[in-house]
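> From the sequence below, what's the structure:
(one chain, ligands or ions: 1)
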Amino acid sequence: MNLAQLPPDLNSITRPNWIEINLDALASNIQFVRKSIPKKTKILLPVKADSYGHGSLACAYAAKNSGADFLGVAHLSEGMLLRQYGMDLPILILGPCIPADFPYLVEFQLTSALSDLKTAVAFDKYLEENNLHCKAHLAINTGMHRYGVRFDDFDTIRRILTLKHLEVEGMFTHLATADMLDKTSNVSTQRQIDRFSNLVELLTNEGVRPQICHCSSSAGTLRHPESHFDMVRPGLVLYGYNPMGATPPEGFEYPELKPVMTIKSTIRTIHEVPTGEGVSYGQYWVAQQPTKVATIAIGYGDGYLRGEYNNGYVLIRDQLCPILGRVCMDATMVDVSRIPDVQIGETVEVVNGTADARISMESVAEAHHTIPYEITSRVARRLYRKYIWKNRLIRWDDLKEEFHVPPFTPYPLRKGK
Ligand SMILES: Cc1ncc(COP(=O)(O)O)c(C=O)c1O
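Numbers count the residues shown, from 1 in each chain. Next up, the predicted model:
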């Protein structure tokens with residue numbers, strides 16, 4: 001794909017770093033998950049934290065076009081924004097609501113998680129008194145101890161599920177160790193699934209089972225078919241990254257996921273560093289021989305992790321170029337000695353969305369002792385976003401038209417308020 005094909009565009013000139021978001025890859029990953037779950041099981045795409053840094057509006061619309069059934073956000077404001085741009089898929093706020101949220105949940109028709117009886121009863125009363133309707137999903141704590149009513153607190157669970165005015169259409173839990181492969185973690189995951197499964201069975205027998213029971217995010221979806229229930233909530237997998245690290249664990253084959261994000265930068269200057277001289281803050285890299293150094297425009301101000309020095313590589317003309325010394329706020333120095341005719345202005349792949357194992361999201365994350373989620377969700381707003389949809393590199397303004405995204409509706413949504 002040649003960026004020069006894009007019409008001249010100020011953002012392309014004025015922003016030296018950008019990300020390419022491959023929405024075809026997102027669609028393909030949705031198809032992959034669709035094929036690995038039962039036909040009737042729904043797919044929720046988490047688009048919280050701006051779709052883990054991939055851009056929530058574009059991902060939400062691409063996901064809707066590709067057959068996703070639900071969207072998941074963390075904050076009320078994230079759901080409201082999607083509605084203000086006309087998104088009509090059901091949106092679940094994965095964290096519990098509090099009473100201050102009630103009017104907005106109703107107005108924007110957002111489905112919130114419920115985590116305690118007092119709030120659930122207050123929400124029900126609010127709806128009754130104002131003659132309003134809203135849906136919610138009951139969070140169950142099966143062992144993660146983050147949100148939810150305890151799995152064995154049957155009285156509370158029954159009371160919430162049978163509220164008269166609040167429609168509790170779903171019930172869910174979250175697995176704490178599904179991406180960990182040691183024996184203790186496997187036991188703990190199985191215990192959580194069993195607790196949830198037993199609860200679902202009990203509620204079925206009592207005739208109060210909610211319509212949409214769900215349990216698994218990425219690792220659960222891949223590793224535990226018995227945790228699929230009525231809906232799966234894989235985020236990382238749909239964005240194309242494996243939750244179990246860069247190398248598949250023994251006996252486990254990774255699925256063919258397509259990475260959605262590529263992070264790119266440009267070379268701003270090139271110079272020679274003589275033997276014995278150091279590079280960057282702290283001078284943690286010292287030339288052992290005359291070295292050709294390119295300074296690229298990306299730094300920790302762009303969300304590129306500073307972490308340790310001399311850590312990792314970038315890719316220029318398919319050549320691995322080692323990072324020299326510390327990453328600065330707006331610059332990183334790399335060794336380009338192996339590319340004799342390297343030029344100022346050339347494109348640099350910082351994290352490679354074609355899953356080049358050498359600078360894949362997973363391997364960059366491992367080099368920084370972190371997880372792909374942290375790398376993608378830290379990408380700064382100052383990076384320009386370009387999208388790939390139907391095999392074309394396309395800008396948001398054009399993509400918006402293709403997705404029929406309506407103009408932003410200011411609050412309040414309903415006139416006359
Ligand atoms: C409740 C819930 N469901 C689903 C997800 C998606 O997780 P993953 O990206 O690992 O699939 C998250 C992520 O934090 C979550 O909190």
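> mind listing what's buried in stretch 317-336?
Neighbour counts over stretch 317-336 (16 or more other Cβ atoms under 10 Å) mark 321-328, 330-336 as buried. C-beta coordinates here come from the backbone N, C-alpha and C atoms, glycine included.
> List the beta-bridge partners for the closest residue to residue 394 other than its chain neighbours.
In this structure, residue 394 finds its nearest non-sequential neighbour in residue 387, 5.2 Å apart by Cβ to Cβ, 6 or more residues apart in numbering. Beta bridges link residue 387 to residue 21, residue 394, judged by DSSP bridges.
> Identify the residues contacting residue 106.
Counting by Cβ atoms under 8 Å, 6 or more residues apart in numbering, residue 106 makes contact with 127, 130, 132, 133, 134.
> Quickly find the element holding it.
helix 102-107 (DSSP states H and E).
> now do residue 208
Counting by DSSP H and E, residue 208 is part of no helix or strand.
> How about residue 348?
Counting by DSSP H and E, residue 348 is part of strand 347-351.
> Which strands and helices lie in contact with that strand?
strand 261-273, strand 291-296, strand 313-316 (3 or more Cβ pairs under 8 Å, 6 or more residues apart in numbering; DSSP states H and E).
> tell me the centre residue of the chain?
The residue lying closest to the centre of the chain (Cα atoms, centre = their mean) is residue 52, at 3.1 Å.
> Could you verify my assumption that that residue touches residue 238?
No - contact criterion Cβ atoms under 8 Å: residue 52 and residue 238 do not qualify, at 9.5 Å.
> before we move on, back to that, give me every residue that touches the residue nearest to the centre of the chain.
Neighbouring residues of residue 52 by Cβ under 8 Å, 6+ apart: 46, 235, 236, 239, 373, 376, 377.
> Then residue 330?
So residue 330 contacts 297, 298, 299, 301, 302 (Cβ under 8 Å, 6+ apart).
> buried residues in the worst-scoring helix or strand of the chain on mean pLDDT?
Within the chain, judged by mean pLDDT, DSSP states H and E, the helix or strand with the poorest mean is helix 10-14; its value is a mean of 81. Residues of helix 10-14 classed as buried by neighbour count (16+ other Cβ under 10 Å): residue 12.
> and that helix, how far from the chain's centre?
Offset of helix 10-14 from its chain centre (Cα atoms, centre = their mean, to the nearest Å): 26 Å.
> The residue nearest to the centre of the chain and the ligand: what is the separation?
Using Cβ to the nearest ligand atom, to the nearest Å, residue 52 is found at 7 Å from the ligand.
> what's the answer for residue 13, then?
Residue 13 is 35 Å from the ligand, by Cβ to the nearest ligand atom.
> Kindly report the same for residue 170.
Separation of residue 170 from the ligand (Cβ to the nearest ligand atom) stands at 12 Å.
> cool, residue 154 as well?
Counting by Cβ to the nearest ligand atom, the gap from residue 154 to the ligand is 22 Å.
> Please report the distance of that residue from residue 42.
Residue 154 is 26 Å from residue 42, where distance means Cβ to Cβ, to the nearest Å.
> cool, and residue 186?
In this view, residue 186 and residue 42 are 26 Å apart by Cβ to Cβ.
> One more: residue 208?
Look at residue 208 and residue 42: by Cβ to Cβ, they are 20 Å apart.
> quick one, what contacts the residue of the stretch 201-350 of the chain found nearest the ligand?
Nearest to the ligand in the stretch 201-350 of the chain, going by Cβ to the nearest ligand atom, is residue 235, at a distance of 2.7 Å. Listed by Cβ under 8 Å, 6+ apart, the contact set of residue 235 reads 45, 46, 48, 52, 72, 217, 218, 373.
> For the last one, grab the count of nearby residues.
Spelled out, it's residue 373. Neighbour count of residue 373, defined by other Cβ atoms under 10 Å: 19.
> just residue 156 next, same as before
Neighbours of residue 156 (other Cβ under 10 Å): 15.
> now swap in residue 261 and tell me
27.
> So it sits against residue 239, correct?
Yes - in this structure, residue 261 is within contact of residue 239 by Cβ under 8 Å, at 7.0 Å.
> overlap in contacts of these two?
In contact with both residue 261 and residue 239: 54, 376, using Cβ under 8 Å, 6+ apart.
> hmm, the helix ranked longest in the chain touching the ligand?
Counting by DSSP state H, the longest helix found in the chain is helix 183-206. No - using Cβ under 6 Å from any ligand atom, helix 183-206 never reaches the ligand; the gap is at least 12.7 Å.
> how far does the next helix-or-strand element following that helix sit from the chain's center?
Next helix or strand after helix 183-206 toward the C-terminus (DSSP H and E): strand 212-214. Remark: strand 212-214 is offset 21 Å from the chain centroid, using Cα atoms, centre = their mean.
> And for stretch 386-406?
Here the centre of stretch 386-406 is set off from its chain's centre by 19 Å, with Cα atoms, centre = their mean.
> What residues of that stretch count as buried?
For stretch 386-406, by 16+ other Cβ under 10 Å, it's 386, 387, 388, 389, 394, 395, 396, 399, 400, 403, 405.
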